[in-house]
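> what follows is a predicted structure for the sequence shown.
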Amino acid sequence: MPKFLLRRWRGLPIMAGLILLTLFTAALFFLHWWAGLAALLAVGVLIYYVLAAEQAFYKELNDYIMTLTHRVKKAGAEVVQELPIGMIVYNEEKAIEWHNPYVGKIFDQESIAGELLADVLPSLKSVKDKEEEIHVTVGEEHYLCMVRPEDRLIYLYNITDYTVLAKRYEEERLAIGILMLDNLDEVTQGMDDQSRSLLLAKVIGAITEWANENHIFIRRSASDRFFILMHAKTLKKIEQSKFDILDEVRDLTGDLKLPLTLSIGIATGADQLPELGSLAQSSLDVALGRGGDQAAVKSGQRLSFYGGRSNAVEKRTRVRARVISHALRDLMKESDKVIIMGHRYPDMDSMGAAVGVLKMAQLCGKEGYIVLEGDNPSIHRMLRELEQHESIQKWMITPEQALSITHQRSLAVVVDTHKSSMVAEPKLLQQTGRIVVIDHHRRGEEFIDDAVLIYIEPYASSTCELVTELLQYLQDRLSMEPIEATSLLAGIVVDTKSFSLRTGARTFEAASFLRRNGADSAQVQQMLKEDLDEFIEKSEIIKHTEIWDPCMAVCAAEDEHKYSQLLIAKVADTLLNMTDIAASFVIAERPDGLIGISARSLGKVNVQVIMEQLGGGGHLTNAAAQLEGTIAEAKAELKRVLQEMDIREGLSE
């Protein structure tokens, strides 16, 4: 039987027919030998023609395949030569062995064979042993470079149009903002209508001119509020100018007793307009929470701040304090117990404010607990005084005890911080649905978002001042224990450096109220005393102080010694008392191995912004940061930040 009949299914019918003919021929041989012979000849002729047809078919098929192979090879060669994709073959020494003509067009040369990859495409200096995609630029054209190290082959795809389109898309993304006049009511209080109108016309004219110059759409939505709309490209431009409109408006009204300042909240990067508007309002809230006179820009996950060179303006009205006091009283009465937390390693302001809130809870007829976490030597004397009074001492508990008694109907009051990571026990915030925040620090990016009541006033000297005002409005006839009033006064004294910094009229009013309720200033001074060993240790650090121009004291302690964060802060406070020192920075290694930086200023330098550049934060005149590495590296990084921020300009005002 022929092999082709066995290889191809199309030969099966023929094979079956031949078998039948063979059987028929054999039958004829038995009947008539001459009929069988004739049939055998017929079968032989049929087999011959089938074989001839099969050979002809294979010859035609082979000719077709040969022609197709030639055409495919020719087309492949033409594709490699003409395809608008660069192809480069390199050797083990990273030298170019071959490339197609399109690569020559890319580099405007006939041939670059023999040259090193690193010389032709510097971005490919370190070609790895795995496939990767690298964005390279040749002249004004952009290419996606796909590296195939197994074949030592590189493909270059021209993505210029895509890159230009992507850049244009990013530049034309929408940015929504809200611009607000911070202290319009305070500035115009006592002005007649004509003076107020002239002032507003001057300020609004400057804002409108700034918007027109930067191609910003602006519309006034209230007497002190504007809605602004711009492209991301414009936002980047005004970010590079550090939002100079802030300085312009402040300087424009500098002849007034109280200059007018702006706060701006801007958001970009979100796809949905409602979300963008919500982020813009949130950014404005952050700017206002940090004291105003600054811009907060939310771009994706990044929150940037600009300005903030002036101190927060003290509010002359106590309406908000009264409203917050009544709202807090209602929340306490609706809760079964009150859990009070400051930050870890509490200071006198945190501890004094906690005692004040405990008093509020007791006046509302509720059980209040103060959660303490971390040991701060600076309040040891204060704690010893508090432990002598059972009305306070028995309500002090550990975080573990607080976790066992806290549930959804409990009210958590956070004092002297607004960052969940800094509270005595962050888990407590998850166990209750009622959180109140009372703080005087400038608001940072991290914040307790699910708080039902927020009272943050950066103008206040201390949290104790805010709590004292809330106590005054809690009920008409208030009676306090001397130790409670003394604790609140101690917090105010410490944060104001004995009423020398961040002190306003309301600070003295709060102190007067506490004195009338039995606060003992002599006992406060007793709490603040330091021992001789600590004083000597401070002196050892201070002797390493350098004066950096302009008027900045920078003290870097010795490498072989470790100091507590409290002592580092005290050294910064001491340096600020030196003649002609406007800001002080103390750098030392802490017991945990981190490099601590404490920064203090008299108000002309915003040390909070400086410390935020180093990953820290704080207040305009009081801030800190912790860095990894060495003291020398931290000192160099601090110097770089000071040079970039041009502190000299701030001191010249």
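Okay, I see it. Numbers count the residues shown, from 1 in each chain.

> C-alpha from now on. contacts and neighbour counts both.
OK.

> show me where the stretch 1-150 of the chain dips below the pLDDT cut-off.
Where the stretch 1-150 of the chain drops to pLDDT under 70, the residues are 1-22, 24-36, 39, 61, 63-82, 126-129.

> mind redoing it with 50?
The stretch 1-150 of the chain contains residues with pLDDT under 50 at 1-9.

> just the helices in it please.
Counting by DSSP state H, counting those that start in this stretch, the stretch 1-150 of the chain has helices at residues 3-7, 12-31, 33-82, 101-107, 117-120.

> from Ile456, how far off is the residue nearest the centre of the chain?
Centroid-nearest residue in the chain, with C-alpha atoms, centre = their mean: Arg302, separated by 3.9 Å. To Ile456, Arg302 is 23 Å away according to C-alpha to C-alpha, to the nearest Å.

> over to Glu546?
The spacing between Glu546 and Ile456, counted by C-alpha to C-alpha, is 36 Å.

> for His619, same thing?
Plainly put, His619 is 12 Å away from Ile456 if you go by C-alpha to C-alpha.

> ditto for Gln626
For Gln626 relative to Ile456 (C-alpha to C-alpha), the value is 25 Å.

> next, the buried residues of stretch 517-535.
Neighbour counts over stretch 517-535 (16 or more other C-alpha atoms under 10 Å) mark Asn517, Gly518, Ala519, Asp520, Val524, Met527, Leu528 as buried.

> next: stretch 326-346.
If you call a residue buried by 16+ other C-alpha under 10 Å, then stretch 326-346 has these buried ones: 326, 328-329, 331-333, 335-346.

> ok, stretch 549-568 next?
Neighbour-count burial for stretch 549-568, counted by 16+ other C-alpha under 10 Å, picks out Met552, Ala553, Val554, Cys555, Ala556, Ala557, Lys562, Tyr563, Gln565, Leu567, Ile568.

> among these, which two are most distant?
Using C-alpha to C-alpha, the two most remote members of those are Met552 and Lys562, lying 23.5 Å apart.

> please enumerate the strands of the stretch 451-600 of the chain.
Remark: strands assigned in the stretch 451-600 of the chain by DSSP state E, counting those that start in this stretch are 453-456, 545-548, 552-556, 583-589, 595-601.

> quick one: mean pLDDT over stretch 558-568.
In this model, stretch 558-568 carries a mean pLDDT of 84.

> more crowded one of Glu546 and Ile456?
When Glu546 and Ile456 are compared for neighbours, Ile456 comes out ahead with 24 against 14, by other C-alpha atoms under 10 Å.

> identify the residues contacting the residue nearest to the more buried one when sequence neighbours are not counted.
With C-alpha to C-alpha, 6 or more residues apart in numbering as the criterion, Ile456 has its nearest non-adjacent residue at 4.8 Å, and that residue is Asp439. If a contact means C-alpha atoms under 8 Å, 6 or more residues apart in numbering, then Asp439 has Val415, Asp416, Thr417, His418, Tyr455, Ile456, Glu457, Pro458, Ser462, Thr463, Leu466 as its contacts.

> which among those count as buried?
Val415, Asp416, Thr417, His418, Tyr455, Ile456, Glu457, Pro458, Ser462, Thr463, Leu466.
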